[in-house]
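Chemist: next one to model:
(4 chains)
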Protein chains: 2
Amino acid sequence: MEKIRQKNLPAEERRNVTVEAVIDLAATTNPSDITTAAIAKHMKLTQGALFRHFPNKEAIWQAVMKWVAERLMSRIEKAAEGLDSPLEAMQAMFLAHIAFVSEHPGAPRMLFGELQGAKATQAKSLARALLKQYAELLNELIKTAKSRGELPHELDNQAAATLFIGTIQGLVMQSLISGDMDQMRRDAPGVFAIYRRGIACTGTAKRDE
Amino acid sequence: MEKIRQKNLPAEERRNVTVEAVIDLAATTNPSDITTAAIAKHMKLTQGALFRHFPNKEAIWQAVMKWVAERLMSRIEKAAEGLDSPLEAMQAMFLAHIAFVSEHPGAPRMLFGELQGAKATQAKSLARALLKQYAELLNELIKTAKSRGELPHELDNQAAATLFIGTIQGLVMQSLISGDMDQMRRDAPGVFAIYRRGIACTGTAKRDE
DNA sequence: CTAAAGATAGTAATTAGTCACTATCTTTTC
DNA sequence: GAAAAGATAGTGACTAATTACTATCTTTAG
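Modeler: Take a look at the predicted model:
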């Protein structure tokens, strides 16, 4: 069960190892500073050998984004599974997302890094697709919640979904900044509590008009 | 008032122009992809000439971060000025921040880009200082709001401040992703409304325990 | 006339990607 | 069932382009 130094791996296995190496590196390195040489070194391979398994660097990035998208979505969907209340489902998704990121700090960095770029790479379009799918999932939940009376009808769906994702992104950014991934796990419940009250609460509290 | 092509600018003026050129470029380019050559080209100067005014690239980035920190903080403080209610002040700050970013999309990109990096540059420590100052300002407002009864005492200050900043960062990220800075301005009021209810609302709404 | 600002033309280091060759595994054939 | 043949994986040295940065010459402004 130990991580033994493997040689002559079959192609697909080697590609998987490569993706993990990149996620690993991205935990401590700015994605755009990750060189093919660094990737190769981290997996104890020569730089040239990488190109036996990927046509170019962009293909590596694409594979990484696919990995992130698949793992993250499946994790989130699994967390929401079986929960009857949409609000409870959203909370479970929120915490699952945070947990995933704190286990793989490199994942959000790759995502943000890719989205930040100007040119329309294929990796970028994968990242966009992920966010879109996420937003749709949330919209469904919010709609169901409204129909069940768990959320007020006056609630702005768009804003609620934006804030849900934005809140996570904000937490992630602040953890990246402090360099402490546990901070995120600590802050998550309290932050979500505020979000939940924000969308559930109908009254406009105090207003002086 | 027109942007006339200036030559032989005095040193300080040239440095200002340089900073603006970088912010400009950062609006469409990943900060770590911005080369000294690109900066020079954008301000119609030769690359070598840049180093007459900055000892190295890091010094340029430092100047940029200083620019961002000063302009952003002064803008936010001005927005909150004269507002008696802390909650109103927070809303004004929120909207001012969003407005600033939508006018200078390059600013947050430089900030995030710098914070993302592993190594401890001076530009990075400026960025950290900015966020810290911001958080303290928020904390003061929240405390005052509590003492005036505008916010409930049970509210978690830390979480509220985190979410305030996080919400903005999230909005920024999503605008960067869609490439449409106006999206941010459109979403901001609705999103802040939810945040405001979230911190102001004491009741736990519906809970099934 | 001189000092500051810019142009020109470099440098050394680093980057993604290539290539001829070697090592190892898998399949075929008798 | 073992040797031959082919396929697959990895090596190490290379390249062309790009990078931040520098040295030297030229222009301009006061």
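
Chemist: from here on, just use CA atoms for contacts and neighbour counts.
Modeler: Noted.

Chemist: which strands and helices sit next to the helix of greatest length in chain A?
Modeler: For chain A, the helix with the greatest residue count under DSSP state H is helix A:122-147. Helix A:122-147 sits against helix A:57-80, helix A:86-103, helix A:106-116, helix A:157-178, with contacts defined as 3 or more C-alpha pairs under 8 Å, 6 or more residues apart in numbering or on different chains; DSSP states H and E.

Chemist: show me what secondary structure element comes after the last one.
Modeler: Proceeding N to C from helix A:157-178, the next assigned helix or strand is helix A:181-200, under DSSP states H and E.

Chemist: give me the contacts around that next one.
Modeler: Helix A:181-200 has contacts (C-alpha atoms under 8 Å, 6 or more residues apart in numbering or on different chains) with A:91, A:94-95, A:98-99, A:102, A:105, A:150-152, A:155, A:160, A:164, A:171-172, A:174-175, B:156, B:159-160, B:162-163, B:194-199, B:201, B:203-206.

Chemist: please list only the buried members of those.
Modeler: A:91, A:94-95, A:98-99, A:102, A:105, A:150-152, A:155, A:160, A:164, A:171-172, A:174-175, B:159-160, B:162-163, B:194-199, B:201 (16 or more other C-alpha atoms under 10 Å in any protein chain shown).

Chemist: for stretch A:125-145, which positions count as buried?
Modeler: A:126-128, A:130-131, A:134-135, A:138-139, A:141-145.

Chemist: with stretch A:87-96 instead?
Modeler: Buried-residue list, stretch A:87-96, by 16+ other C-alpha under 10 Å: A:87, A:89-96.

Chemist: before we move on, the earlier item: okay, the angle between the longest helix of chain A and helix A:57-80?
Modeler: Angle of helix A:122-147 versus helix A:57-80, following axes from the mean of the first three to the mean of the last three C-alpha atoms, to 10 degrees, is 20 degrees.

Chemist: and helix A:122-147, anywhere near DNA strand C?
Modeler: No: shown here: helix A:122-147 not in contact with DNA strand C (C-alpha under 7 Å from any atom of the strand), separated by at least 13.5 Å.

Chemist: quick check: mean pLDDT of that helix?
Modeler: Regarding helix A:122-147, the rounded mean pLDDT is 94.

Chemist: go on, stretch A:173-182?
Modeler: Mean predicted lDDT for stretch A:173-182 stands at 85.

Chemist: now do the buried residues in it.
Modeler: A:173-177, A:179, A:181.

Chemist: can you lay out these as a markdown table showing distance to residue A:188?
Modeler: Listed next are these as a markdown table, based on distance: C-alpha to C-alpha, whole Å:
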| residue | distance to residue A:188 |
| --- | --- |
| A:173 | 13 |
| A:174 | 12 |
| A:175 | 11 |
| A:176 | 14 |
| A:177 | 16 |
| A:179 | 16 |
| A:181 | 11 |
